[in-house]
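Novice: fold the following for me, if possible:
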Amino acid sequence: MINILYCGNDKVFDGILTCSLSILKRSSLSEPFTFYIFTMDVSHIKDTYLPVSDTQVAFFDKIIKEYNPENRAIKIDVTSLYMEEFDSCPTKAPTALHIH
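Specialist: Purely as a prediction, here's the structure:
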């Protein structure tokens, strides 16, 4: 099993798909791939900071299984970890910066 980790929100999904297809099309390995996607919902910072959706992951999983039925995509929501470790960080978002 070959493990690959992506981290991002729903805006990077196209890049995740493109990168993965490049890997799968050019790989001569017969081992299956597991693609992990760390994502989180921080829409409290900005409305558009949304996690990769379950629908996107299901589509991604369907596509990668065309190359090897044992390939799989696993979404891991790290919102709670982010909130615990970084939510109070003063530089977490552009709205935290005040220029006078």
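
Novice: which other helices and strands contact the biggest helix by length in the chain?
Specialist: Secondary structure of the chain per DSSP state H: the longest helix is helix 13-26. On a contact count with 3 or more CB pairs under 8 Å, 6 or more residues apart in numbering; DSSP states H and E, helix 13-26 meets strand 2-7, strand 33-39, helix 54-65. In this view, the C-beta of every residue, glycine as well, is placed from N, C-alpha and C.

Novice: what comes up buried for the longest one?
Specialist: Of the residues in helix 54-65, Gln56, Val57, Phe60, Ile64 count as buried by neighbour count, 16 or more other CB atoms under 10 Å.

Novice: now do the buried residues in the next helix or strand after that helix.
Specialist: Next helix or strand after helix 54-65 toward the C-terminus (DSSP states H and E): strand 72-77. Within strand 72-77, the residues that count as buried by 16+ other CB under 10 Å are Arg72, Ala73, Lys75.
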